[in-house]
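**Student:** here are the coordinates; sequence isn't available:
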């Protein structure tokens with residue numbers, strides 16, 4: 001599967017949506033990134049998972065509203081009708097192999113990425129306030145005076161801009177490292193050590209030590225009792241209400257309580273037969 005020529009015209013080489021897994025391969029016999037599709041046909045679970053990491057294929061993960069690297073939960077799987085069972089099973093399998101790959105290479109720091117984007121919002125508001133304070137867009141002002149005012153506005157938010165650039169650069173660098181490591185682990189499993197080496201400094205924190213919520217009476221650590229309470233509540237009320245009750249995101253609930261519906265042993269949606 002290829003992106004359309006019109007799409008490629010808007011997304012030149014090097015831009016995120018021009019990316020395909022072939023950009024991260026580079027081993028003998030790997031496809032040419034300039035001509036490789038983002039998803040070959042036929043494809044297996046690992047190839048589908050790799051395609052969903054970034055580029056045009058990432059829109060699949062966005063439509064699922066579920067981060068790659070964690071198994072799909074029951075809420076996500078139950079969206080599919082029986083008529084779409086092959087699609088459901090294929091995605092479930094792809095998410096499972098991606099989760100297994102992430103256990104080897106480590107998690108991407110989504111919290112740091114979110115903090116960087118939050119900083120971008122702060123910078124935008126601060127820059128708007130500085131322009132307003134200095135009267136940059138006031139009428140009947142000469143261009144020389146307007147430039148002078150603009151320079152003052154820019155200087156006043158420069159420290160915030162420097163912090164923003166640094167945070168964005170660090171997050172983008174880690175994302176590229178994680179993306180490469182995941183592709184290596186998914187598509188070239190003969191070299192898992194190469195993938196693991198990509199993120200040695202970014203090992204995921206232990207689950208039991210992770211901060212969870214400040215909701216009254218719930219504490220801040222995911223103890224076995226807390227997980228059991230969340231599981232029981234979700235079975236009756238669903239993921240959304242469970243996240244609201246425990247004061248966390250739906251994504252975190254899905255991460256802590258992945259689907260318990262296993263794919264039948266020996267079954268693959270990519271072969272439609274017992275393996």
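**Tutor:** Received, thanks. Everything quoted here is computed from the prediction, not taken from an experiment. Residues are numbered from 1 along each chain as shown.

**Student:** if I look at residue 167, how far off is residue 239?
**Tutor:** 30 Å (CB to CB, to the nearest Å). C-beta here means a position set from N, CA and C on the backbone, and glycine is covered the same way.

**Student:** Next: residue 43.
**Tutor:** 29 Å.

**Student:** With neighbour numbers in mind, choose between those two.
**Tutor:** Ranked by neighbour count (other CB atoms under 10 Å), residue 43 and residue 239 place residue 239 first, with 20 against 17.

**Student:** And the more buried one, what's its pLDDT?
**Tutor:** pLDDT, residue 239: 79.

**Student:** tell me which element it falls in.
**Tutor:** Assigned by DSSP states H and E, residue 239 belongs to helix 224-246.

**Student:** now swap in residue 108 and tell me
**Tutor:** Using DSSP H and E, residue 108 is not contained in any helix or strand.

**Student:** Next: the one 5 residues further on.
**Tutor:** When secondary structure is defined by DSSP H and E, residue 113 falls within helix 110-134.

**Student:** just checking, residue 49 touches residue 90?
**Tutor:** No. At 10.3 Å, residue 49 and residue 90 do not qualify as touching, with contact defined as CB atoms under 8 Å.

**Student:** These two: which has the busier surroundings?
**Tutor:** Neighbours were counted for residue 49 and for residue 90 using other CB under 10 Å; residue 49 has more, 32 against 18.

**Student:** okay, now the domains of this protein?
**Tutor:** Segmentation of the chain into domains, based on automatic domain parsing, reads 5-105+205-274, 114-167.

**Student:** Work out the gap between the helix or strand hosting residue 94 and the centre of the chain.
**Tutor:** Take DSSP H and E as the rule and residue 94 turns out to sit in helix 85-105. Put simply, helix 85-105 sits 14 Å off its chain's centre (CA atoms, centre = their mean, to the nearest Å).

**Student:** Who are the contact partners of residue 187?
**Tutor:** Residues near residue 187 by CB atoms under 8 Å, 6 or more residues apart in numbering: 21, 25, 46, 47, 50.

**Student:** Quick check: of the residues you listed, which lies closest to residue 152?
**Tutor:** Nearest to residue 152 out of the contacts of residue 187 is residue 21 (CB to CB; 47.5 Å).

**Student:** who's in contact with the closest residue to the closest one other than its chain neighbours?
**Tutor:** Excluding the flanking residues, the one nearest residue 21 by CB to CB, 6 or more residues apart in numbering is residue 50, at 4.2 Å. For residue 50, the contacting residues are 21, 182, 183, 186, 187, by CB under 8 Å, 6+ apart.

**Student:** Tell me the spacing between residue 50 and residue 180.
**Tutor:** In this view, residue 50 and residue 180 are 11 Å apart by CB to CB.

**Student:** do the same with residue 28
**Tutor:** Applying CB to CB to residue 28 and residue 180 gives a distance of 17 Å.
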